[in-house]
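Asker: Okay, sequence plus prediction incoming.
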Amino acid sequence: MKKHITLTLALMTLMAYSTQADQEGLAASIKQAREEATMTASQLTATLSALNTLVGQTKGDLNPAFQAFRAEIPKTQNAAAATHARLETMSREKAQYFAEWQKAIDGINNNSLQKKAQKRLKTASEHYAEVEADLAKAGEKFRPFLSDLADVEKALSMDVTARGIKNIKSVVRSANWNYNSVAGSINSALKEMDKLEKDLSSQAS
């Protein structure tokens, strides 16, 4: 009997450590995702600013502004690739993060405490799902935005002139529209990450 109790306590301790480790892993993953999304938001702003500065220039040599805009394109492509990779990572790891948490909850005998713990898990998983959904939307909206940037670069690469700038203005308007869609999804993901980080924080408040 004593041996059985000791074994049970050992298993419960192991489960608690495992659950804590998974929650810590989830918190670390969300922190990294938040850092990446923040950098992506900044990159989007820098790219659009460079584009609008180029189009808004009314005198002087247009080439420096064009080169400044051109330099932002590969950075934005990398940001889009990072967003896609993060979404794949989150989708792959979520089962691992939440399975042990659920297992620990199932092992709680007190009904009231179990319900509260289940509610905590439900809230965290819902925020996680929202982050996934927002990053997926951002990934979709990146395509037309990157396409607009590429079209502007191609059109101006051999025609960095006032007439060339005038010819691309409709595409620039499209780029501004598509930027709002991408940035909106990224910012929405950041808000959900904030909520999830608070759910998982070990800091008393």
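Answerer: Nice, I can see it.
Asker: Only C-alpha atoms from now on, for both contacts and neighbour counts.
Answerer: OK.
Asker: where exactly do the helices run in this protein?
Answerer: Counting by DSSP state H, the segments of the chain that form helices are 2-56, 63-106, 111-157, 162-167, 169-200.
Asker: so how far is N78 from F66?
Answerer: Plainly put, F66 is 20 Å away from N78 if you go by Cα to Cα, to the nearest Å.
Asker: These two: which has the busier surroundings?
Answerer: F66 (21 against 13; other Cα atoms under 10 Å).
Asker: Just the pLDDT at that one, thanks.
Answerer: Listed pLDDT for F66 reads 97.
Asker: E192 against A133, yeah?
Answerer: No: taking contacts as Cα atoms under 8 Å, E192 lies outside contact range of A133: 10.4 Å.
Asker: low-scoring stretches of this structure, by residue?
Answerer: Within the chain, the segments meeting pLDDT under 70 span 1-22, 202-205.
Asker: same thing but 50
Answerer: 2-21, 204 (pLDDT under 50).
Asker: ok, the residue nearest the centre of the chain to L87 distance?
Answerer: Computing the C-alpha centroid of the chain and ranking residues by Cα atoms, centre = their mean puts A37 first, at 4.3 Å. A37 sits 11 Å away from L87, taking Cα to Cα as the criterion.
Asker: Could you pull up the residues touching the residue nearest to the centre of the chain?
Answerer: By Cα atoms under 8 Å, 6 or more residues apart in numbering, A37 lies in contact with T83, I186, A189, L190.
Asker: how much space is there between the second one and N178?
Answerer: The span separating I186 from N178 equals 13 Å under the rule Cα to Cα.
Asker: Then the first one?
Answerer: Summarising the geometry, the distance separating T83 from N178, computed by Cα to Cα, is 16 Å.
Asker: Repeat that for K169.
Answerer: When K169 is compared with N178 (using Cα to Cα), they lie 14 Å apart.
Asker: More neighbours: which of I186 and N178?
Answerer: I186 (25 against 20).
Asker: Would you confirm that the more buried one contacts M39?
Answerer: No: using Cα under 8 Å as the test, I186 is too far from M39 to be in contact (10.3 Å).
Asker: quick one, phi psi at T58?
Answerer: phi -110, psi -10 (degrees, to the nearest 10).
Asker: same thing with V160?
Answerer: The phi/psi pair for V160 (degrees, to the nearest 10) reads phi -80, psi 80.
Asker: Now do the same contact list for it.
Answerer: Listed by Cα under 8 Å, 6+ apart, the contact partners of V160 are L62, N63, F66.
Asker: list the contacts for the second one?
Answerer: I take that to be N63. Residues in contact with N63, defined by Cα under 8 Å, 6+ apart, are V160.
Asker: how much space between it and I73?
Answerer: 16 Å.
Asker: got it, and the last one?
Answerer: When Cα to Cα is applied, the distance between F66 and I73 equals 11 Å.
Asker: can you check the first one too?
Answerer: Computed with Cα to Cα, the distance linking L62 and I73 is 17 Å.
Asker: More neighbours: which of the two?
Answerer: Taking neighbours as other Cα under 10 Å, L62 and I73 compare with I73 leading, 19 against 16.
Asker: Return the distance of that one relative to W177.
Answerer: To W177, I73 is 17 Å away according to Cα to Cα.
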